[in-house]
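Participant: please work out how this folds:
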Amino acid sequence: MGNCLALCEPSSGSCTAKKVKVVRVAKPDGKILEFSTPILVKDILTNYPAYGVGVSKKVTEPLSPHHELKAGRLYYLLPSLHSPPNLTSLRNGDTGGGTKRIKVIITKQQLQQLVTKQIS
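Facilitator: Next up, the predicted model:
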């Protein structure tokens, strides 16, 4: 299993086949990334910091950053298990001991109402 690259010399007409060692990583959108070996998980995650690399599509424990990926295998780019908290947990005051930022989109009128309520 893997890719095969044929090297041909036009002058002599001889061809030799060379096995190319490639690791494939499937992104969540279905696109396949190819990397030459040897490569570690941390090398892939430099471009995808909010992800992990796993051996199946199911979100399980991701591979260690120092895990060396094997040529010819297909790995999966998985969303991080440490996803941001939902709004319900923020409303209940559960911030996990740190500050959480959320983005709120409101109209100018709604902003004016909020400001006047805080002043009075």
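Participant: so who does residue 106 touch?
Facilitator: Applying Cβ atoms under 8 Å, 6 or more residues apart in numbering, we find residue 106 in contact with residue 114. For every residue, glycine as well, the C-beta is placed using N, CA and C.
Participant: brain fart, residue 44
Facilitator: Neighbours of residue 44 in contact, by Cβ under 8 Å, 6+ apart: 25, 33, 35, 53, 69, 77.
Participant: can you select the buried ones from those residues in ChimeraX?
Facilitator: The ChimeraX selection below is limited to those of the contacts of residue 44 classed as buried (16 or more other Cβ atoms under 10 Å):
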select :25,35,53,69,77
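Participant: in TSV: the contacts of residue 44, plus distance to residue 99, secondary structure and pLDDT.
Facilitator: Below are the contacts of residue 44 laid out as TSV (distance: Cβ to Cβ, whole Å; DSSP: H, G, I helix; E, B strand; the rest coil; pLDDT from 0 to 100):
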residue	distance to residue 99	secondary structure	pLDDT
25	33	strand	92
33	34	strand	91
35	37	strand	91
53	29	strand	89
69	36	coil	91
77	29	strand	90
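Participant: I'd like the contacts of residue 44 as JSON lines, with distance to residue 116 appended.
Facilitator: Below are the contacts of residue 44 laid out as JSON lines (distance: Cβ to Cβ, whole Å):
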{"residue": "25", "distance to residue 116": "53"}
{"residue": "33", "distance to residue 116": "52"}
{"residue": "35", "distance to residue 116": "56"}
{"residue": "53", "distance to residue 116": "51"}
{"residue": "69", "distance to residue 116": "58"}
{"residue": "77", "distance to residue 116": "47"}
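Participant: for residue 41, state which of the contacts of residue 44 is nearest.
Facilitator: residue 53 (4.7 Å; Cβ to Cβ).
Participant: from residue 103, how far out is that closest one?
Facilitator: 29 Å (Cβ to Cβ, to the nearest Å).
Participant: what's the answer for residue 51, then?
Facilitator: 21 Å.
Participant: got it, and residue 57?
Facilitator: Plainly put, residue 57 is 30 Å away from residue 103 if you go by Cβ to Cβ.
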